[in-house]
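J.: return a 3D structure for these sequence lines:
(one chain, ligands or ions: 1)
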Amino acid sequence: MLIIFQIIFAIIASILTLAIYSLVLYPFFWFILMKYKYGDKIKVFFNIGQGMLKEYKKGLIEKNDGVAFIRNMHQKNLKAMAFNYGSKVGFSFLDPELIKQVHQNHEYFIKMDATMAVTFLFGNSILYAKGKEWQKQRQFLGKSFHFDEIKSYFPQIKEICQNTFRNTYQKLTNEEQINIQAVKICETVTSEVIFRTFFGKTSQNLNITKKDGSQILLAFELVEVVKSAFQMLTIDKIALIKWIFLQRNSARYFRTEKEEDLFQRLTAIKECCLQIVQKRRDELIKEPTQAKKIFLDQYLIDTMQNQSSQVTDDEIIDNFCGMFFAGTDTTANMTGVALYYLSIYPEIQRQAREEIIKILSSKSNDKNPDSLFSQFSIEDLSNLDLINSILKESMRLIPPAIQVFPRIACQDIKIGEFEIKKGQLVTTNFVYNQSNPEIFPKPDNFDPFRWMNEDNTQSNTFNFTPFSQGPRNCIGQHLAMIEGKCMLVYILLLFDILPNPSVLVAKEVKVIYGFQNDNLIYFKKRQNII
Ligand code: HEM
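T.: From the prediction side, this is the model:
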């Protein structure tokens with residue numbers, strides 16, 4: 001009996017020693033070394049197991065802003081932050097020149113798995129692809145994401161905006177104002193755009209059956225599932241502990257109830273997507289000339305015409321899910337944030353509307369919102385200077401992505417004077433430069449006009465990186481800007497945007513950085529168009 005106790009005791013003691021070593025002593029040793037080597041060029045954030053998560057939570061509670069600690073950190077010599085995450089030690093680069101070096105040397109790093117659920121959903125997509133596989137996917141998708149190609153979706157994006165916002169307009173009387181969930185309503189547009197551009201189908205007819213037998217729109221389910229897949233480690237402590245030790249295999253063993261439920265939902269989504277792919281393949285085999293300018297047809301035609309094509313159904317479906325993740329919530333947040341700022345700066349809102357009306361009214365005698373919007377053409381996009389600047393300024397203040405996905409160094413590499421060892425984490429932070437008073441004077445002010453003046457804010461393209469920069473920058477940025485502009489144009493024609501002062505304005509880092517509360521604005525039907 002005693003021997004059994006001794007064995008159990010030895011096992012528990014070994015696990016505890018291992019945990020203390022990897023979660024406390026190992027990172028602590030590295031941080032002392034870093035401070036000794038780099039002095040005030042590095043700021044260290046050490047919190048057992050959870051790295052900067054604690055800082056985000058503290059900032060949200062004390063300052064209503066999860067990234068307050070980064071905004072208040074500017075120092076002359078500071079070039080990087082050091083942090084721990086689980087047992088790993090990482091660098092987050094702040095200096096624009098060092099950010100450039102990390103981005104340009106992207107092949108020295110691989111993206112760290114977020115959770116096993118994320119890997120399952122889009123681990124084979126371009127978002128997580130590496131090396132030659134990434135090059136192949138980027139080349140293939142790059143052609144379709146070129147502005148000249150993307151602009152062919154413009155009429156559809158306009159139509160989706162009309163279908164979404166006209167509904168709200170028609171529900172309102174002239175006197176009423178309606179509280180709007182800004183990001184949610186914009187997400188209706190951005191998710192539909194992904195469905196139409198990828199599958200060539202509206203998401204409105206695509207349902208999925210839930211565990212309880214009820215039906216839910218695939219698009220709604222995807223939004224929820226993507227969020228749960230990323231948040232699994234924060235909402236399920238057991239999943240977190242398993243992940244610290246088992247990483248990408250963590251959900252393979254001893255699945256918790258939440259993990260089991262999530263994986264069932266993920267599997268159902270992928271099966272639904274597979275059916276769409278297989279049905280379309282059958283159609284194209286019969287009628288190859290019917291191929292449309294949508295991502296799915298481009299993949300399928302490539303597999304049918306190109307014998308050496310290595311595109312698999314998995315790659316196609318993962319890229320759909322990856323684009324849904326990368327393009328839906330991000331673009332909706334960018335636009336939702338812009339709507340909030342327009343609500344609290346009525347004079348900027350007036351000028352933005354004036355810009356739109358000036359462009360569109362020169363083409364139509366009929367001044368009702370839909371007639372004006374019908375005149376809106378792809379060529380007008382480049383004349384919307386203020387609207388463009390409003391979107392940029394919104395992303396400067398609240399970038400949907402605060403940093404690039406954390407990467408793992410695949411070999412030792414020097415970034416500036418910082419020596420990174422194989423296996424260490426590396427990311428680059430966007431908030432620090434975008435809130436630096438030396439780059440953007442009065443950084444806390446919402447001032448879209450700063451983008452319209454010839455100043456030096458653009459002197460280094462790595463000062464402002466909401467879409468990242470370098471070879472792995474955002475492939476969908478033109479699409480995102482077209483969608484954002486389209487939504488703002490139509491909304492400004494239909495509605496006055498008013499603030500909702502009764503709601504707390506707090507900024508939180510969930511998967512995406514944005515407002516904690518989504519009901520910060522009202523829409524009121526516009527009485528006079530001009
Ligand atoms: C305002 C909206 C958007 C923002 C702020 C944004 C931001 C970003 C950022 C920061 C990255 C780099 C991630 C990293 O390297 O870790 C990225 C990559 C990417 N984005 Fe976007 N994005 C937006 C919209 C879109 C849209 C609409 C799509 C597609 C429909 C898209 C698809 C992608 C893809 C596929 C990548 C990976 C590219 C690669 O690794 O080669 N994004 N995005």
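J.: okay, and whatever residue of the stretch 151-300 of the chain ends up closest to the ligand sits in which element?
T.: The minimum distance from the stretch 151-300 of the chain to the ligand, using CB to the nearest ligand atom, falls at residue 194 (5.9 Å). The C-beta positions use only the backbone N, C-alpha and C, and glycine is treated the same way. Using DSSP states H and E, residue 194 sits within helix 182-199.
J.: over to residue 154?
T.: helix 154-171.
J.: quick one: is that helix near the ligand?
T.: No: residues of helix 154-171 are not located near the ligand by CB under 6 Å from any ligand atom, the shortest gap being 11.0 Å.
J.: chain center to that helix: distance?
T.: 23 Å (CA atoms, centre = their mean, to the nearest Å).
J.: residues contacting that helix, please?
T.: 178, 180, 185, 188-189, 192-193, 196-197, 369-370, 373, 376-378, 482-483, 486-487, 490-491, 494-495, 523, 525 (CB atoms under 8 Å, 6 or more residues apart in numbering).
J.: select only the buried ones of those in ChimeraX?
T.: Here is the ChimeraX command that picks out the buried ones among these, judged by 16 or more other CB atoms under 10 Å:
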select :180,185,188,189,192,193,196,197,369,373,376,482,483,486,487,490,491,494,495,523,525
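J.: out of the contacts of helix 154-171, which sit inside helices?
T.: Within the contacts of helix 154-171, residues falling in helices by DSSP state H are 185, 188-189, 192-193, 196-197, 369-370, 373, 482-483, 486-487, 490-491, 494.
J.: who in this protein is up against the ligand?
T.: 126-127, 138, 194, 322-323, 326-327, 330-331, 334, 400-401, 404-405, 466-468, 472, 474-476, 479-480.
J.: narrow these to those that are buried.
T.: In the residues of the chain next to the ligand, burial by neighbour count holds for 126-127, 138, 194, 322-323, 326-327, 330-331, 334, 400-401, 404, 466-468, 472, 474-476, 479-480, counting by 16+ other CB under 10 Å.
J.: next, residue 514: phi, psi?
T.: Per-residue torsions, residue 514: phi -170, psi -170 (degrees, to the nearest 10).
J.: grab the nearest non-local neighbour of it.
T.: residue 333 (4.3 Å; CB to CB, 6 or more residues apart in numbering).
J.: that's a helix at that neighbour, yeah?
T.: Yes: assigned with DSSP: H, G, I helix; E, B strand; the rest coil, residue 333 falls within a helix.
J.: any idea how far it lies from residue 285?
T.: 40 Å (CB to CB, to the nearest Å).
J.: tell me which of the two has more neighbours.
T.: The neighbour comparison of residue 333 against residue 285 (other CB atoms under 10 Å) goes to residue 333, with 27 against 10.
J.: isn't that one right next to residue 399, touching?
T.: No: at 9.2 Å, residue 333 does not count as touching residue 399 under the criterion of CB atoms under 8 Å.
J.: now for these two: what residues contact both?
T.: residue 513.
J.: helices or strands up against the longest helix anywhere in the chain?
T.: The longest helix of the chain (DSSP H) is helix 257-286. Secondary-structure packing of helix 257-286 (3 or more CB pairs under 8 Å, 6 or more residues apart in numbering; DSSP states H and E): helix 116-122, strand 207-209, helix 218-235, helix 295-305, helix 313-327.
J.: tell me, how many residues neighbour residue 294?
T.: With other CB under 10 Å as criterion, residue 294 counts 19.
J.: excluding its backbone neighbours, what's nearest it?
T.: Nearest to residue 294 is residue 200, by CB to CB, 6+ apart, at 3.9 Å.
J.: again, but for residue 324
T.: residue 194 (5.1 Å).
J.: so who does that neighbour touch?
T.: 320, 323, 324, 327, 328.
J.: just those now: which is nearest the ligand?
T.: residue 327 (2.9 Å).
J.: got the phi/psi numbers for the residue nearest to that closest one when sequence neighbours are not counted?
T.: Nearest residue to residue 327, sequence neighbours excluded (CB to CB, 6+ apart): residue 476, at 5.0 Å. Backbone torsions for residue 476, taken as degrees, to the nearest 10, come to phi -100, psi 20.
J.: can I assume residue 476 is in contact with residue 147?
T.: No: here residue 476 lies out of contact with residue 147, judged by CB under 8 Å, at a distance of 11.4 Å.
J.: and the residue of the protein that's closest to the ligand?
T.: residue 476 (2.1 Å).
J.: relative to residue 521, how far out is that residue?
T.: Residue 476 is 25 Å from residue 521, by CB to CB.
J.: quick one on the thing from earlier: what is the neighbour count of the residue nearest to residue 294?
T.: For residue 200, using other CB under 10 Å, the count is 17.
J.: repeat for residue 310
T.: Around residue 310 there are 10 other residues, counting by other CB under 10 Å.
J.: could you find the closest non-adjacent residue to it?
T.: Closest to residue 310 by CB to CB, 6+ apart is residue 136, at 7.6 Å.
J.: enumerate every residue touching residue 35.
T.: Contacts of residue 35 by CB under 8 Å, 6+ apart are 42, 44.
J.: what strand or helix carries it?
T.: Assigned by DSSP H and E, residue 35 falls in helix 26-38.
J.: and that helix, how far from the chain's centre?
T.: The mean C-alpha position of helix 26-38 is separated from the chain mean by 32 Å, CA atoms, centre = their mean.
J.: how about it: buried residues?
T.: Under the neighbour-count rule (16+ other CB under 10 Å), helix 26-38 has 27, 30, 31, 34, 38 buried.
J.: what segments of the stretch 351-500 of the chain are helices?
T.: 369-374, 385-397, 431-434, 477-494 (DSSP state H, counting those that start in this stretch).
J.: adding mean pLDDT and distance to residue 161, write those helices out as JSON lines.
T.: Output for the helices of the stretch 351-500 of the chain, formatted as JSON lines (pLDDT from 0 to 100; distance: least, CB to CB, whole Å):
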{"stretch": "helix 369-374", "mean pLDDT": "93", "distance to residue 161": "8"}
{"stretch": "helix 385-397", "mean pLDDT": "98", "distance to residue 161": "14"}
{"stretch": "helix 431-434", "mean pLDDT": "97", "distance to residue 161": "28"}
{"stretch": "helix 477-494", "mean pLDDT": "97", "distance to residue 161": "5"}
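J.: how about CSV for those helices, with distance to residue 68 added?
T.: Shown next, in CSV, are the helices of the stretch 351-500 of the chain (distance: least, CB to CB, whole Å):
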stretch, distance to residue 68
helix 369-374, 39
helix 385-397, 13
helix 431-434, 10
helix 477-494, 26
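J.: low-confidence regions, this protein specifically.
T.: Within the chain, the ranges that satisfy pLDDT under 70 run 49-50, 248, 454-458, 528-530.
J.: can you tell me the centre-most residue of it?
T.: residue 330 (4.1 Å; CA atoms, centre = their mean).
J.: does it belong to a helix or a strand, and which?
T.: helix 329-344.
J.: what angle sits between that helix and helix 385-397?
T.: 110 degrees (axes from the mean of the first three to the mean of the last three CA atoms, to 10 degrees).
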